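**Q** Have a look; sequence and predicted model below, questions after that.
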Amino acid sequence: MPTTAGNHDVIARAYTPLDEGACLALFDGNVPEFFSPAERHDFERFLIQRTSEWPYQVLERRGRIVGCGGLAIEKDSHTADLCWGMIVKSLHGTGLGRMLAELRLRLAATTPGIAQIRLDTSQHTQGFYAAFGFEVLKITRHGYGPGLDRWDMLLRFDDDQRRIWTASD
């Protein structure tokens with residue numbers, strides 16, 4: 001996994017049920033700017049029901065979970081969805097979000113049959129994902145709640161994209 005200055009001590013590992021509390025705390029720390037309080041139940045349900053079937057990762061620094069995010073991949077689908085990605089709010093802007101996004105894009109690149117990656121995000125992070133090549137499909141004002149717009153985005157994962165994300169560092 002690539003490192004950014006100051007993040008050389010961050011490891012990525014698979015989520016376990018013991019991480020649930022720390023991941024919920026990450027979510028809570030990003031409300032209301034990045035997530036609506038109403039989404040917490042959906043995230044909690046995702047952690048309980050879906051992390052055993054879909055790849056979900058945590059970023060850990062010195063024994064503390066500082067980020068989490070994964071891929072939702074439906075059986076027989078050519079589409080992966082970036083899902084529930086977040087970084088502890090006090091560490092926004094430190095490169096951890098980039099590390100998490102790159103980790104998930106590499107994971108998608110090594111998953112056979114994935115032709116596109118979808119995500120839904122807010123107006124606060126859509127520019128971050130656009131820098132990776134995601135294109136806007138639809139904007140829904142107040143789609144997550146008052147003042148929190150939903151941006152549906154897509155990255156077409158052709159052979160060139162796959163090569164970018166499977167190339168060694």
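**A** Yep, it's here. Numbering: from 1, shown residues only.
**Q** least trustworthy helix or strand in the protein by mean pLDDT?
**A** Sorting the helices and strands of the chain by mean pLDDT, DSSP states H and E puts helix 159-166 at the bottom, at a mean of 82.
**Q** neighbouring contacts of that helix?
**A** Residues from elsewhere that reach helix 159-166, judged by C-beta atoms under 8 Å, 6 or more residues apart in numbering: 102, 105, 106, 108, 109, 110, 133, 155. Where C-beta positions appear, they are placed from N, C-alpha and C, glycine not excepted.
**Q** For the fourth one, pull up the helix or strand it's in.
**A** If I follow you right, that is residue 108. helix 96-109 (DSSP states H and E).
**Q** residues in contact with that helix?
**A** So helix 96-109 is contacted by 1-4, 7, 10, 12, 55, 57, 59, 66-71, 80, 82, 85, 87, 114, 117, 128-129, 132, 155, 157, 161-162, 164-166 (C-beta under 8 Å, 6+ apart).
**Q** Stretch 21-30 too?
**A** By C-beta under 8 Å, 6+ apart, the residues outside stretch 21-30 that reach it are 15, 35, 39-40, 43-44, 47, 58, 64-68, 86-90.
**Q** What would I type in ChimeraX if I wanted to highlight the buried members of those residues and nothing else?
**A** To isolate the buried ones among the contacts of stretch 21-30 in ChimeraX, judged by 16 or more other C-beta atoms under 10 Å, type:
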select :15,35,39,43,47,58,65,66,67,68,86,87,88
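**Q** on that earlier part again, following the helix holding residue 108, which helix or strand comes up?
**A** On the C-terminal side of helix 96-109, the closest following helix or strand by DSSP H and E is strand 116-121.
**Q** Just the CA trace of that following strand, in CSV.
**A** What follows is strand 116-121 as a C-alpha-only set of coordinates in CSV (Å, rounded to 0.1, in the frame of the first residue of the first chain):
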residue,chain,number,x,y,z
GLN,A,116,-17.1,-0.1,-13.5
ILE,A,117,-17.1,1.4,-10.1
ARG,A,118,-20.0,3.4,-8.7
LEU,A,119,-20.2,5.5,-5.6
ASP,A,120,-22.5,8.0,-4.1
THR,A,121,-21.0,10.8,-2.1
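**Q** what residues are up against the nearest residue to residue 150 once chain neighbours are set aside?
**A** Nearest non-adjacent residue to residue 150, counting by C-beta to C-beta, 6 or more residues apart in numbering: residue 143, 2.7 Å away. Listed by C-beta under 8 Å, 6+ apart, the contact partners of residue 143 are 120, 149, 150.
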